[in-house]
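K.L.:
here are the coordinates; sequence isn't available:
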Ligand SMILES: Cc1ncc(COP(=O)(O)O)c(C=O)c1O
């Protein structure tokens, strides 16, 4: 990244350097790299407004040159740098030059270089580490070992109902659920068009046919009207996704499933801790599938879980996840199964995580409430809908920006990235992507609307108030610039 320039130089070249480094500033140095001044895009704008031509050569006498830019020594502490960078105080710099004792420009400090905020990071600590060491020392580092059963039991207890089968990922949870419930070739499975692609991939990978259903703007989950429209004589299952932890309207979905004798598989990958009519999500379908990927509220690194309503189905799933091998006769296969087993090392993390999930969710709820309180009066944001009958899982804080297209939304995300804030766009509607176009028919207007103006903000449980204030300020600032 170029952030320095020697003078004389023409304004156009200087502006190009500034545009390319996306920091709004360039530092003027002499041939020994000694700092002589700084020029911002604002300085150049003012120069042009005063009549100076863009192609004009400028030198050290250029009156818009700041000859005393703020700088810090190269060894300055992170704390010291942070106190001057991108804060909301009177001394607020986006980019600070770092000089050695000879005043030579050695490096620059920006918020993104010093500190950055991922969209989600796990809350893991000594408890997880102690369990992992114990699993490691036991020698049981594959799927045999005490933590696997312990994790399944404690997860069952947390959900409050059903029979848990641990697996290697949320995606394998979905695939195992479909196979256990006998969904196969020529069967149609109704899947929302606005979801992470693992939902549809799992259906394709068991050989069944996904049928895409639009979503409802009121809760971002599968549309009941479109669901009813898409049921045929071949429909065998519905896979509602509690997207961004928003529970789908399960009463209506359950009654449609019952009426049409359809299997109901809940994709709860993003929804641990969410509530539907005060009950914890995960017990309403024939089974429900969770993901424990590192960005999830409860993590095992990679991992997943299926909770079955029916014990026999859970037992069948345990056989299927282990190559379809009989549980009583070694190397005798009852099914052509998979290897979807969770390892003892992963489960060791999971056991510690279940113990702290309530604390994690409490922290995340506070983060969501603080974002909501700060964004609710800004009329260019549309907050995540709230329904009386449900409570979100507080996974990743996601909102929409009014009257904005995908290109502008992506520009905001890019700007935030340059300032250390990792944001995510909404999922792309599945029907727009090549592998899935053949499963789509009808209108997907709502998925398209949602997808193009959605942004997810950093939501790690250990985010401090001060850090959240920074994110709120920068996000609002960058969004406002486009209005
Ligand atoms: C809705 C949904 N379903 C399924 C999955 C798949 O989970 P995993 O990444 O653990 O395979 C994800 C992952 O984030 C998801 O968001």
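P.N.:
Happy to help now that I have it. Remember, it's a predicted structure, so these values are computed and weren't measured experimentally. Residues are numbered from 1 along each chain as shown.
K.L.:
tell me the average confidence for stretch 416-436?
P.N.:
For stretch 416-436, the mean per-residue pLDDT is 95.
K.L.:
do the same with stretch 123-133
P.N.:
98.
K.L.:
any buried residues in it, and which?
P.N.:
Neighbour-count burial for stretch 123-133 flags 123, 124, 128, 131, 132 (criterion: 16 or more other Cβ atoms under 10 Å). Any C-beta I mention is one placed from the backbone N, CA and C, and that applies to glycine too.
K.L.:
go through these and flag which are in helices.
P.N.:
Here DSSP state H is the test, and these give 128, 131, 132 as lying in helices.
K.L.:
go ahead and confirm the first one touches residue 348.
P.N.:
Yes: counting by Cβ atoms under 8 Å, residue 128 does reach residue 348; the two are 7.3 Å apart.
K.L.:
wait, what's in contact with the residue of the chain found nearest the ligand?
P.N.:
The ligand sits closest to residue 170 of the chain, with a gap of 2.4 Å, by Cβ to the nearest ligand atom. Neighbour list for residue 170: 198, 269, 289, 290, 291, 292, 293, 296, 304 [criterion: Cβ atoms under 8 Å, 6 or more residues apart in numbering].
K.L.:
quick check: chain neighbours aside, which residue is closest to residue 204?
P.N.:
Ranked by Cβ to Cβ, 6 or more residues apart in numbering and with sequence neighbours excluded, the top spatial neighbour of residue 204 is residue 210, at 6.3 Å.
K.L.:
that's a strand at that neighbour, yeah?
P.N.:
Yes: counting by DSSP: H, G, I helix; E, B strand; the rest coil, residue 210 is found in a strand.
K.L.:
I'd say residue 1 and residue 21 touch.
P.N.:
Yes: with contact defined as Cβ under 8 Å, residue 1 counts as touching residue 21 (5.2 Å).
K.L.:
neighbour-wise, which of the two wins?
P.N.:
residue 21 (18 against 10; other Cβ atoms under 10 Å).
K.L.:
ok, that one - contacts?
P.N.:
Residue 21 neighbours (Cβ under 8 Å, 6+ apart): 1, 2, 3.
K.L.:
got it, and residue 268?
P.N.:
Per Cβ under 8 Å, 6+ apart, neighbours of residue 268: 242, 274, 281, 282, 288, 289, 290.
K.L.:
again, 7 Å this time
P.N.:
Shown in contact with residue 268 (Cβ atoms under 7 Å, 6 or more residues apart in numbering): 242, 281, 282, 288, 289, 290.
K.L.:
need the ones in helices among the buried residues of stretch 123-133 in CSV with distance to the ligand, can you?
P.N.:
Formatted as CSV, these follow (distance: Cβ to the nearest ligand atom, whole Å):
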residue, distance to the ligand
128, 18
131, 20
132, 19
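K.L.:
just the closest of those residues to residue 462, please.
P.N.:
For those, the closest approach to residue 462 (Cβ to Cβ) belongs to residue 128, at 14.2 Å.
K.L.:
for the closest one, what are its contacts?
P.N.:
Residue 128 makes contact with 349, 352, 353 under the criterion Cβ under 7 Å, 6+ apart.
K.L.:
where does the closest residue to residue 457 other than its chain neighbours land on pLDDT?
P.N.:
With sequence-adjacent residues excluded and distances taken as Cβ to Cβ, 6+ apart, residue 457 is closest to residue 397, at 4.8 Å. pLDDT for residue 397: 98.
K.L.:
run through the helices of the stretch 351-483 of the chain in chain order.
P.N.:
Remark: helices assigned in the stretch 351-483 of the chain by DSSP state H, counting those that start in this stretch are 406-418, 445-453, 465-480.
K.L.:
helix or strand: which one has residue 318?
P.N.:
helix 311-321 (DSSP states H and E).
K.L.:
likewise residue 19?
P.N.:
Assigned by DSSP H and E, residue 19 falls within helix 11-21.
K.L.:
tell me what angle that helix forms with helix 406-418.
P.N.:
Interaxial angle of helix 11-21 relative to helix 406-418 (axes from the mean of the first three to the mean of the last three Cα atoms, to 10 degrees): 80 degrees.
K.L.:
so what does the next helix or strand after helix 11-21 touch, helix or strand wise?
P.N.:
Scanning forward in sequence from helix 11-21 by DSSP H and E, the next helix or strand is strand 25-29. If contacts are counted by 3 or more Cβ pairs under 7 Å, 6 or more residues apart in numbering; DSSP states H and E, strand 25-29 sits against strand 4-5, helix 11-21, strand 35-40.
K.L.:
partner strands of strand 25-29, with direction?
P.N.:
Here strand 25-29 is paired, per DSSP bridges, with strand 4-5 (parallel), strand 35-40 (antiparallel).
K.L.:
show residues contacting that strand.
P.N.:
3-7, 14, 17-18, 35-40, 65, 69, 95, 97, 105.
K.L.:
so among the residues you listed, which ones count as buried?
P.N.:
Taking 16+ other Cβ under 10 Å as the criterion, what is buried in the contacts of strand 25-29 is 3-5, 7, 14, 17-18, 35-40, 65, 69, 95, 97, 105.
K.L.:
what's near enough to touch the residue nearest to residue 204?
P.N.:
Per Cβ under 7 Å, 6+ apart, neighbours of residue 210: 189, 191, 200, 203, 204, 439.
K.L.:
change it to 6 Å
P.N.:
Going by Cβ atoms under 6 Å, 6 or more residues apart in numbering, residue 210 touches 189, 191, 200, 203, 439.
K.L.:
ok, back up a step: need the contacts of residue 268 in a markdown table with pLDDT and distance to residue 393, can you?
P.N.:
Listed next are these as a markdown table, based on pLDDT from 0 to 100; distance: Cβ to Cβ, whole Å:
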| residue | pLDDT | distance to residue 393 |
| --- | --- | --- |
| 242 | 98 | 7 |
| 281 | 96 | 7 |
| 282 | 94 | 10 |
| 288 | 98 | 13 |
| 289 | 98 | 14 |
| 290 | 98 | 11 |
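K.L.:
tell me the most packed of the residues you listed, by neighbour count.
P.N.:
residue 289 (32 neighbours).
K.L.:
tell me what it is bridged to.
P.N.:
Once the bridges are assigned, which here means DSSP bridges, residue 289 pairs with residue 267, residue 306.
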